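*Asks:* A structural model of the following input is requested.
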Amino acid sequence: MPLAFSKTGEAACIKGVGGTAKSRQRLETLGFTVGSEVTVVSRLAGNLIVNVRDSRIAISREAARSIFV
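*Replies:* You can find the predicted model right below:
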């Protein structure tokens, strides 16, 4: 299931990261790696604020669709 469809406040484990090689590398640099725990903190205009590896990060809806939990 893509991260974009996760419920707010619910923790999930990252199973995979899709997209182009450049976008995958960027997301992995931000901490979105397989096995990491991620929690959706809030949603703003379709974009998400997530908590991953003790950091809050804002990502677009498109980026959230390429992260599978």
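
*Asks:* which residues of this structure fall in strands?
*Replies:* Remark: strands assigned in the chain by DSSP state E are 11-13, 16-17, 37-44, 47-52, 55-59, 67-68.

*Asks:* what about stretch 53-67, start to end distance?
*Replies:* Terminal residues of stretch 53-67 lie 15 Å apart, using C-alpha to C-alpha, to the nearest Å.

*Asks:* which residues make contact with that stretch from outside it?
*Replies:* Applying C-beta atoms under 8 Å, 6 or more residues apart in numbering, the set of residues contacting stretch 53-67 from outside is 2-4, 14, 16-19, 23-24, 27, 30-32, 36, 38, 41, 44, 46-51. C-beta coordinates here come from the backbone N, C-alpha and C atoms, glycine included.

*Asks:* Contact partners for residue 9?
*Replies:* Residues in contact with residue 9 (C-beta under 8 Å, 6+ apart) are 39, 40, 41.

*Asks:* Are any of the residues you listed buried, and if so which?
*Replies:* Among the contacts of residue 9, those scoring as buried are 39, 40 (criterion: 16 or more other C-beta atoms under 10 Å).

*Asks:* hey, which helix is longest across this protein?
*Replies:* The longest helix of the chain (DSSP state H) is helix 21-30.

*Asks:* Show me what that one is packed up against.
*Replies:* On a contact count with 3 or more C-beta pairs under 8 Å, 6 or more residues apart in numbering; DSSP states H and E, helix 21-30 meets strand 16-17.
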